[in-house]
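Undergrad: Predicted model and sequence below, questions to follow.
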Amino acid sequence: MTAAPDLAGIAPVLDRLCPMYAILDAQGRVVHAGPTLVKLWPSDMAIGQTVFGLFNIRRPIFDGTMQGLLRLSGSKLHLSLRAPPHTDLKGVLVPLCGPQPDEGGRYAVLNLSFGISVQEAVRAFSLTGGDFAVTDPTVEMLYLIEAKSAAMEASRKLNQRLQGAKVAAEEQAFTDTLTGLKNRRALDAILTRLMDSEQDFALLHVDLDYFKTVNDSLGHAAGDHVLQAVAAAMVDETRSVDTVARTGGDEFVIILSGVTDPARVGEIAARLIARIERPVMFQGQTCRISASIGAALTCDYDVPRVPRLIEDADHALYAAKHRGRGCHVVYEPQAQADWSVGRNADSCPH
Amino acid sequence: MHGLVNRAIERFVRDTYGRDTWLGVMGQLDLGYSEFESMLIYEPQVTAQVLNATSDALQRPVDEVLEDIGTYLVSHPNTAAVRRLLRFSGETFEDFLHSLDDLPDRARLAVSDLTVPGLELADQSADIYCLHVYNPHGATVRFGPVVLGLLRAMADDYGALVLLDYLNRTQSCERLRIHLLASAHGAGRAFVLGAS
């Protein structure tokens, strides 16, 4: 690797202290390359070439001559290999003072390092621990990168599993297990969200009629079957943007998103009741139930609030029940005496 | 105990004896879960319970199981990361031995809350060493046998020929004897700095 005999003293020292370096002559030719630097090219091809042919010295800007480069002595150089894989390097050039004072400036040492691209470089040039100076923390840095990546990967997997468990737990926490509908907790969350985003909606409080009779005469299994059929019917009769929740034994709440027309609420309520009144078969027995519905619309309030809305829907439900089973009532805050009432049985107008 | 320790026992049993053996061990303990998370911390007694149950299930003494875990960690493909991280310690098995003192710090650099035993290498002659293994305070596992298994596998990995013995133990310290017969006896396994 060594060409110039007058470098016999310094080269072995530098080979150990900073193995990725080159000694350049006054023309910028490589007269000696450190053992690690040699590995950046196939065989010994670096020797005899100029530093400008081997490297693209990008920063600082200079005139491209050896004299120009020498003026940058001591500054941090940004360079890259001209040959693939064009690895980025950091470097510093220091003039070498020879044994005789007049030899000063004849040679210069260019010491190099991979900087941030060390991981790819180590792979590209198949470097080992022995290619770095004993005092160089590069190997420790590579260890750290790998150790942290492994730890990060383990944490990432844990996060994924926790995320999956969280979604499942939330799903479970927000679902009524018998019907698969949303439960009260989910409903509260949805109502809060709708309120926060100031979206209008209609809230329908649905209470089943004659359900207790089915439960008492045909048993709980029949009751459960009816509840599931009712749940499916309600989901079927509403849009995917609407919400159907089971809030009690035979009580449900439906939220119709974006609905501001009481007449439309009346139509939907009438359709729901008609659908719920369809007989449900359970083990050869016919189960017949009906439903009463009380509704309230956010658009009827200057500043809608959830407790008030629910309370008014309850009042409307109470009024519907009061007028007989299978009725629906839409609450009207301005004209309490003249609520819009619908009766499915005799198709009375709202 | 750090989840990594419990997870190591789990991976060892599952990869060596199968999932059913592992589920048998965990089922017996009734902990409410059957897998350990590497990055969580568990009650210290759980580790001892799992080890004892594993020893019962395999019908082998705890120390033998621990030693096998040490070997497993270095030699099994599923825990290749451990072997790689250990190989960063030195170019030769001798280098590796001399950097054992740094191992707890290296482990902490990787996972800050992981406590591993303190290690101290004493040279007795040119080729005979005594390794002191100081178990962490309150540890429910003795790490001595694990280190023994690990050294055995690392010697193979470097291609070194060594004789390893478990000498003795006191309350907090276990002593291992390492006789390095040949530093480069076999081919060993290749180690490249840059992971692919």
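TA: That came through, no problem.
Undergrad: beta partners for residue A:285?
TA: On the basis of DSSP bridges, residue A:285 is bridged to residue A:282.
Undergrad: Hmm, it is touching residue A:221, no?
TA: No - contact criterion CB atoms under 8 Å: residue A:285 and residue A:221 do not qualify, at 10.6 Å. Every C-beta, even on glycine, is put in place using the N, C-alpha and C of the backbone.
Undergrad: And the two? Which one has more around it.
TA: Of the pair residue A:285 and residue A:221, residue A:285 is the one with more neighbours under other CB atoms under 10 Å in any protein chain shown, namely 14 against 11.
Undergrad: gap between that one and residue A:225?
TA: 10 Å (CB to CB, to the nearest Å).
Undergrad: again with residue B:94
TA: 77 Å.
Undergrad: More neighbours: which of those two?
TA: Set side by side, residue B:94 and residue A:225 show more neighbours around residue A:225, with 19 against 16, by other CB under 10 Å.
Undergrad: Can you classify the more buried one by secondary structure?
TA: Here residue A:225 is recorded as helix under DSSP: H, G, I helix; E, B strand; the rest coil.
Undergrad: thinking it is in contact with residue A:280, fair?
TA: Yes - Residue A:225 is within contact range of residue A:280, at 6.9 Å (criterion: CB under 8 Å).
Undergrad: what do those two both touch?
TA: residue A:287 (CB atoms under 8 Å, 6 or more residues apart in numbering or on different chains).
Undergrad: Does residue B:131 lie in a helix or a strand, and which?
TA: strand B:128-134 (DSSP states H and E).
Undergrad: Show me which residues of whichever helix or strand comes after that strand are buried.
TA: Later in the chain than strand B:128-134, the nearest helix or strand by DSSP H and E is helix B:144-158. Within helix B:144-158, the residues scored as buried using 16 or more other CB atoms under 10 Å in any protein chain shown are B:144-158.
Undergrad: How about stretch A:24-40?
TA: Quick answer for stretch A:24-40 (16+ other CB under 10 Å): A:24-25, A:28-34, A:36-40.
Undergrad: Serialize those residues to CSV and add fields for secondary structure.
TA: Putting those into CSV (three-state DSSP) gives the following:
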residue, secondary structure
A:24, strand
A:25, coil
A:28, coil
A:29, strand
A:30, strand
A:31, strand
A:32, strand
A:33, strand
A:34, coil
A:36, helix
A:37, helix
A:38, helix
A:39, coil
A:40, coil
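Undergrad: Going by distance to residue A:58, which of those residues wins?
TA: Set against residue A:58, the nearest of those by CB to CB is residue A:28 (16.2 Å).
Undergrad: what's near enough to touch that closest one?
TA: Counting by CB under 8 Å, 6+ apart, residue A:28 touches A:50, A:51, A:52, A:65, A:66, A:69.
Undergrad: got the residue ranges for the strands in the chain?
TA: In the absence of a named chain, this looks at chain A. A:21-24, A:30-33, A:55-59, A:77-81, A:88-96, A:107-113, A:201-209, A:243-246, A:251-257, A:280-282, A:285-287, A:290-297, A:327-330, A:340-343 (DSSP state E).
Undergrad: actually it's chain B I care about, not the one you picked
TA: According to DSSP E, the strands that chain B contains are B:118-123, B:128-134, B:161-169, B:173-182.
Undergrad: and the first one, what does it pack onto?
TA: By that I understand strand B:118-123. The criterion is 3 or more CB pairs under 8 Å, 6 or more residues apart in numbering or on different chains; DSSP states H and E, and the helices and strands that strand B:118-123 contacts are helix B:103-110, strand B:128-134.
Undergrad: can I get these in a markdown table with mean neighbour count?
TA: As requested, these are exported to a markdown table (neighbours: other CB atoms under 10 Å in any protein chain shown):
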| stretch | mean neighbour count |
| --- | --- |
| helix B:103-110 | 16 |
| strand B:128-134 | 19 |
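Undergrad: mind checking how far stretch A:242-252 is from the chain centre?
TA: Distance, stretch centre to chain centre, for stretch A:242-252: 32 Å (CA atoms, centre = their mean, to the nearest Å).
Undergrad: Would you mark the buried spots in it?
TA: So stretch A:242-252, judged by 16+ other CB under 10 Å, has buried residues A:242, A:243, A:244, A:245, A:246, A:247, A:250, A:252.
Undergrad: from these, which two are the most distant?
TA: A:242 and A:250, at 19.9 Å, using CB to CB across those.
Undergrad: what sits against the residue nearest to the spatial centre of chain B?
TA: By CA atoms, centre = their mean, chain B has its centre lying nearest to residue B:70, at 3.3 Å. Residue B:70 makes contact with B:145, B:146, B:147, B:148, B:149, B:150, B:151, B:152, B:153 under the criterion CB under 8 Å, 6+ apart.
Undergrad: So which of these is the closest to residue A:197?
TA: Nearest to residue A:197 among the contacts of residue B:70, with distances taken as CB to CB, is residue B:146, at 56.7 Å.
Undergrad: can I assume the closest one is in contact with residue B:64?
TA: No - counting by CB under 8 Å, residue B:146 stays clear of residue B:64, with 11.3 Å between them.
Undergrad: Please enumerate residues in contact with stretch B:50-69?
TA: B:6, B:8-10, B:12-13, B:16-17, B:21, B:24-26, B:28-29, B:141-146, B:148-149, B:152, B:166.
Undergrad: One more pass at 7 Å, please.
TA: B:6, B:8-9, B:12-13, B:17, B:21, B:24-25, B:28-29, B:141, B:145-146, B:148-149 (CB atoms under 7 Å, 6 or more residues apart in numbering or on different chains).
Undergrad: ok, now stretch A:274-289?
TA: Contacts of stretch A:274-289 (CB under 7 Å, 6+ apart): A:208-211, A:214, A:218, A:222, A:225-226, A:229-230, A:233, A:237, A:290-291, A:326, A:344.
Undergrad: if we go to 8 Å?
TA: A:208-211, A:214, A:218, A:221-222, A:225-226, A:229-230, A:233-234, A:236-237, A:290-291, A:326, A:344.
Undergrad: can you list the residues of chain A near chain B?
TA: Within chain A, the positions near chain B by CB under 8 Å from any CB of the partner chain are A:119-124, A:126-130, A:139-140, A:142-144, A:146-148, A:150-151, A:154-155, A:158, A:161.
Undergrad: so how far is residue B:10 from the closest residue in space to residue B:9 that isn't next to it in sequence?
TA: Leaving out its chain neighbours, the residue that sits closest to residue B:9 by CB to CB, 6 or more residues apart in numbering or on different chains is residue B:50, at 5.6 Å. Separation of residue B:50 from residue B:10 (CB to CB) stands at 8 Å.
Undergrad: quick one, which of the two is more surrounded?
TA: Neighbour count, other CB under 10 Å: between residue B:50 and residue B:10, residue B:50 has more, with 26 against 20.
Undergrad: Restricted to helices, list the contacts of stretch A:274-289.
TA: A:211, A:214, A:218, A:221-222, A:225-226, A:229-230, A:233-234, A:236-237 (DSSP state H).
Undergrad: still on that earlier bit, who touches the residue nearest to the residue nearest to the centre of chain B when sequence neighbours are not counted in this structure?
TA: If you skip the residues right next to it in sequence, residue B:70 has residue B:149 as its closest partner in space, 2.6 Å away by CB to CB, 6+ apart. Residue B:149 sits next to B:66, B:67, B:68, B:69, B:70, B:71, B:72, B:73 when contact means CB under 8 Å, 6+ apart.
Undergrad: Switch those residues over to a markdown table; also include pLDDT.
TA: Formatted as a markdown table, the contacts of residue B:149 follow (pLDDT from 0 to 100):
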| residue | pLDDT |
| --- | --- |
| B:66 | 96 |
| B:67 | 96 |
| B:68 | 97 |
| B:69 | 96 |
| B:70 | 95 |
| B:71 | 96 |
| B:72 | 96 |
| B:73 | 94 |
